[in-house]
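[1] fold the following.
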Amino acid sequence: MQKATDIDGGDTGALMRAIGASARTAAHALALAPRAAKDAALLNAAQALRRDRQKILDANAKDVAAARAAGRPESFVDRLVLNDKRVEAIAAGLEEVAALADPVGAVLAEWTRPNGLKFQRVRVPIGVIGIIYESRPNVTADAGALSLKSGNAAILRGGSESHHSSLAIHACLAEGIAAAGLPAEAIQYVGTTDRDAVGHMLGGLDGAIDVIVPRGGKGLVQRVQDEARVPVFAHLEGICHTYVDAKADLAMARDVVVNAKMRRTGVCGATECLLIDRNAPASTLPALIEALIENGAEVRGDAAAQAADARVKAAAADDYGHEFLDAIIAVKTVDGVGEAMAHIARYGSQHTDAIITADEDVAQRFLTEVDSAIVLWNASTQFADGGEFGFGAEIGIATGKLHARGPVGVEQLTSFKYVVRGTGQIRPV
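    Presented below is the predicted three-dimensional model:
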């Protein structure tokens with residue numbers, strides 16, 4: 001079966017149904033695969049990635065050139081581009097996932113009833129995971145590795161803008177899987193760039209797909225949420241806030257805010273709105289604005305922010321609640337943590353929000369009351385990443401409240417079943 005070549009021009013529907021059927025067969029085998037085989041596949045793939053680093057970079061250069069020729073913004077290109085450091089990070093990520101405990105078969109709870117029945121809640125794979133993503137070629141490795149480690153088959157559909165990069169990375173995964181003796185269909189990459197492939201996946205491929213994970217821009221995620229006929233782990237936008245309280249340490253706040261916005265502006269954990277307590281020392285607002293501007297940010301703020309620095313542009317109404325994914329940040333002054341939380345509740349996306357303060361009581365109130373998947377105290381929102389959580393990698397950040405929330409790692413890609421052991425018990429009439 002074709003798994004990772006460019007096959008545009010064929011029957012996309014037939015291709016996708018065949019991929020779904022073979023993924024379902026592979027999922028059954030993977031659910032029973034020993035940890036040693038799964039880990040060997042990932043470690044072999046990591047070696048292949050390092051060996052084929054130049055092939056991957058050459059493939060990526062084609063994608064980057066096409067993106068720039070199409071006039072894509074640099075923030076988009078940054079998400080797409082690979083270099084030696086990033087390829088090494090991808091390989092290291094596979095090794096980190098391999099080192100994680102195998103979630104499959106873990107006993108989550110156990111108890112015995114008065115009638116002698118012994119109950120266990122046991123972690124099991126979900127089955128077949130469909131991952132639809134756009135410009136991040138590293139997702140090919142991250143999503144494939146996490147699915148494999150958690151005993152699931154994966155169907156990967158990357159965006160056309162990362163097509164060559166994803167094919168090159170998938171080839172290394174396929175090599176690792178084959179060397180470990182696991183089913184070749186454990187991780188399949190949809191080689192066609194035909195947009196109809198996404199529609200077929202959203203339809204579930206005749207019941208083959210158990211869950212869809214979209215990773216990309218608002219348009220992609222909105223389409224998946226609107227059209228999917230299977231469950232979805234998704235976040236629509238990463239509208240992340242950092243609130244600097246009146247009792248924040250200014251040096252800490254400056255470092256954290258600059259990192260939260262400027263480390264990588266195109267990631268979903270980048271801070272898009274800075275909230276500053278108007279009761280903070282007078283030096284706080286101008287110092288933070290100056291630090292942002294000196295590090296390349298365009299600041300759009302309210303009247304107080306404009307008064308603090310003439311370089312601040314007037315914020316439009318829709319700048320609050322906007323995911324810039326660029327070196328742009330909205331700034332607003334608020335009257336304490338209560339107003340900050342109200343702003344987050346109105347404009348945020350329940351993704352990641354942070355507070356900078358030395359006041360433990362204020363921090364605890366923020367951590368308790370802000371209803372986001374990730375809340376941080378005195379730390380950058382850019383820690384919204386599965387690797388930073390110790391998950392090895394992530395497929396995405398889920399902002400829903402059912403099953404998975406926050407970074408989607410190996411545990412979030414499992415469900416559970418109940419195992420009941422008896423000695424001949426029957427229920428009374």
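
[2] for residue 215, see how far away the closest residue to residue 144 other than its chain neighbours is.
    Leaving aside its chain neighbours, residue 144 sits nearest to residue 187 (4.1 Å; criterion: Cβ to Cβ, 6 or more residues apart in numbering). (Glycine included, C-beta is placed from N, CA and C.) Separation of residue 187 from residue 215 (Cβ to Cβ, to the nearest Å): 16 Å.

[3] between those two, which one's more packed in?
    The neighbour count for residue 187 versus residue 215, taken as other Cβ atoms under 10 Å, is higher for residue 187 (33 against 27).

[4] tell me how far residue 274 lies from residue 388.
    Distance of residue 274 to residue 388, given as Cβ to Cβ: 21 Å.

[5] circling back: ok, now how distant is the residue nearest to residue 144 from residue 209?
    Residue 187 is 14 Å from residue 209, by Cβ to Cβ.

[6] which stretches of the stretch 251-400 of the chain form helices?
    With DSSP state H, counting those that start in this stretch as the criterion, the stretch 251-400 of the chain has helices at 284-294, 303-308, 336-347, 360-369.

[7] buried deepest among those, which one?
    helix 284-294 (a mean of 19; mean count of other Cβ atoms under 10 Å).

[8] report the next helix or strand after the host helix or strand of residue 164 in sequence order.
    Element membership for residue 164 (DSSP states H and E) is helix 163-179. Next helix or strand after helix 163-179 toward the C-terminus (DSSP H and E): strand 187-189.

[9] buried set for the helix or strand following that following strand?
    Downstream of strand 187-189, the next assigned helix or strand under DSSP H and E is helix 196-202. Of all the residues in helix 196-202, those buried under the rule 16 or more other Cβ atoms under 10 Å are 197, 198, 200, 201, 202.

[10] contacts for stretch 206-226 next, please.
    Outside stretch 206-226, the residues within contact range by Cβ atoms under 8 Å, 6 or more residues apart in numbering are 17, 20-21, 23-24, 126-136, 139, 143, 155, 159, 198, 201-202, 228, 230-237, 323, 325, 395-396, 408.

[11] ditto for stretch 366-384
    By Cβ under 8 Å, 6+ apart, stretch 366-384 touches 235, 238, 240-243, 252, 256, 259-260, 263-264, 267-271, 337, 340-341, 344-345, 348, 350-357, 363, 389, 397-399, 405-407.

[12] so the residue nearest to residue 144 bridges to which residues?
    residue 154 (DSSP bridges).

[13] can you pull the contacts of it?
    Contact partners of residue 187, counting by Cβ under 8 Å, 6+ apart, are 144, 147, 148, 153, 154, 156, 170, 173, 174, 177.

[14] below-threshold pLDDT in this protein: ranges please.
    Where the chain drops to pLDDT under 70, the residues are 1-9.

[15] what do you get if the cut-off is 50, keeping everything else the same?
    In the predicted model, the chain carries pLDDT under 50 at residues 1-6.

[16] let me see the domain layout of it.
    12-233+408-419, 240-383 (automatic domain parsing).

[17] and of these, who's closest to residue 428?
    Of all the domains of the chain, it is domain 12-233+408-419 that lies closest to residue 428, at 9.5 Å by Cβ to Cβ.

[18] thinking again about what came up before, can you list the contacts of residue 187 in CSV and add neighbour count and distance to residue 75?
    Shown next, in CSV, are the contacts of residue 187 (neighbours: other Cβ atoms under 10 Å; distance: Cβ to Cβ, whole Å):
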residue, neighbour count, distance to residue 75
144, 32, 26
147, 28, 28
148, 33, 31
153, 32, 33
154, 29, 28
156, 25, 24
170, 24, 25
173, 30, 27
174, 22, 31
177, 26, 34
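
[19] and of the residues you listed, the nearest to residue 76?
    Relative to residue 76, the closest of the contacts of residue 187 is residue 156; by Cβ to Cβ it sits at 20.1 Å.

[20] just the angle between the longest helix along the chain and helix 163-179, please?
    If you go by DSSP state H, the chain has its longest helix at helix 12-31. Computed by axes from the mean of the first three to the mean of the last three Cα atoms, to 10 degrees, the angle separating helix 12-31 from helix 163-179 equals 40 degrees.

[21] and helix 12-31, what other elements does it pack with?
    Contacts defined by 3 or more Cβ pairs under 8 Å, 6 or more residues apart in numbering; DSSP states H and E place helix 12-31 against strand 118-125, strand 128-133, strand 153-157, strand 187-189, helix 196-202.

[22] out of these, which comes closest to residue 78?
    Distance to residue 78, taken as Cβ to Cβ, is lowest for strand 128-133 among the helices and strands packed on helix 12-31, at 15.8 Å.

[23] and that closest one, how far out from the chain middle?
    A distance of 12 Å separates the centroid of the chain from that of strand 128-133, by Cα atoms, centre = their mean, to the nearest Å.

[24] strands paired with it, and their directions?
    Strand pairing for strand 128-133, determined by DSSP bridges: strand 153-157 (parallel), strand 211-215 (parallel).

[25] and the contacts of the first one?
    Residues external to strand 153-157 that are found in contact with it (Cβ under 8 Å, 6+ apart): 19-20, 23-24, 26-27, 30, 127-133, 139-140, 143-144, 147-148, 166, 170, 183, 185-190, 197-198, 201, 205, 209.

[26] now, of those, which are buried?
    19-20, 23-24, 26-27, 30, 127-133, 139-140, 143-144, 147-148, 166, 170, 183, 185-190, 197-198, 201, 205, 209.

[27] of the strands paired with strand 128-133, which is nearest residue 73?
    Per Cβ to Cβ, nearest to residue 73 of the strands paired with strand 128-133: strand 211-215, 18.6 Å.
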